[in-house]
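1. can you look at this prediction? I've put the sequence above it.
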Amino acid sequence: MRTRWAGAGLLGLLVLGAVWSPARAGDSLYGKVTEVRSGDVVTFDYGDGQYVLRLLGIKPPQDRALADQAAKLVSSLVLGKNARVRFEGRGEDGLMESRLFTDDPVLGIKEVALELVRAGLAQRQEGFDFKYGELAAAESEARTAHRGLWAAGPSR
């Protein structure tokens, strides 16, 4: 009997430790995006708390009009909606660098950073890409179609 209670106590401590420990690279959480601060920064509420996240692998546009369009696109994809986040690490600014995915029955599952690059509303960070080259392909597609940052032509 004593062994059973000890095992239950140990399990309880492990569960509490998991709840109270901060997120680390590789962790994944479900929740809702409660605020879009910019085209690459959102507030993510996972029920027991919140994280301010920076989307991994992209550079938002410097042009104010394009930056506003980027924030609008992010809002349409995830604001107030269920989403999944995968933490990749902490940036120099202290924000969690993350991959953010839609979890919408109508939209399906889409990676928000990838959709921004595909729309021409963000560039991929120099020398960075996901495992299968998705960001480079999306940026090439946006350039070819002259979307967003590349609306004036490929030399921009």
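-> Right, received. Where do you want to start? Residues are numbered from 1 along each chain as shown.
2. tell me where the chain has strands.
-> Applying DSSP state E to the chain gives strands spanning 28-38, 41-45, 50-55, 58-59, 82-90, 96-102, 123-124.
3. helices or strands up against the fifth one?
-> Spelled out, that is strand 82-90. Packing partners of strand 82-90 (3 or more CB pairs under 8 Å, 6 or more residues apart in numbering; DSSP states H and E): strand 28-38, strand 96-102. Placement of C-beta: from N, CA and C, glycine included.
4. just to revisit the earlier point, as TSV, the strands of the chain with mean neighbour count, distance to residue 115 and mean pLDDT would be great.
-> Output for these, formatted as TSV (neighbours: other CB atoms under 10 Å; distance: least, CB to CB, whole Å; pLDDT from 0 to 100):
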stretch	mean neighbour count	distance to residue 115	mean pLDDT
strand 28-38	16	13	96
strand 41-45	19	13	97
strand 50-55	20	10	96
strand 58-59	20	10	94
strand 82-90	18	13	94
strand 96-102	22	8	95
strand 123-124	22	13	94
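5. redo these as a markdown table? Include distance to residue 70.
-> Shown next, in a markdown table, are these (distance: least, CB to CB, whole Å):
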| stretch | distance to residue 70 |
| --- | --- |
| strand 28-38 | 7 |
| strand 41-45 | 11 |
| strand 50-55 | 10 |
| strand 58-59 | 9 |
| strand 82-90 | 17 |
| strand 96-102 | 13 |
| strand 123-124 | 11 |
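6. quick revisit: could I get the helices and strands packed on strand 82-90 as CSV with distance to residue 137?
-> Putting these into CSV (distance: least, CB to CB, whole Å) gives the following:
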stretch, distance to residue 137
strand 28-38, 24
strand 96-102, 16
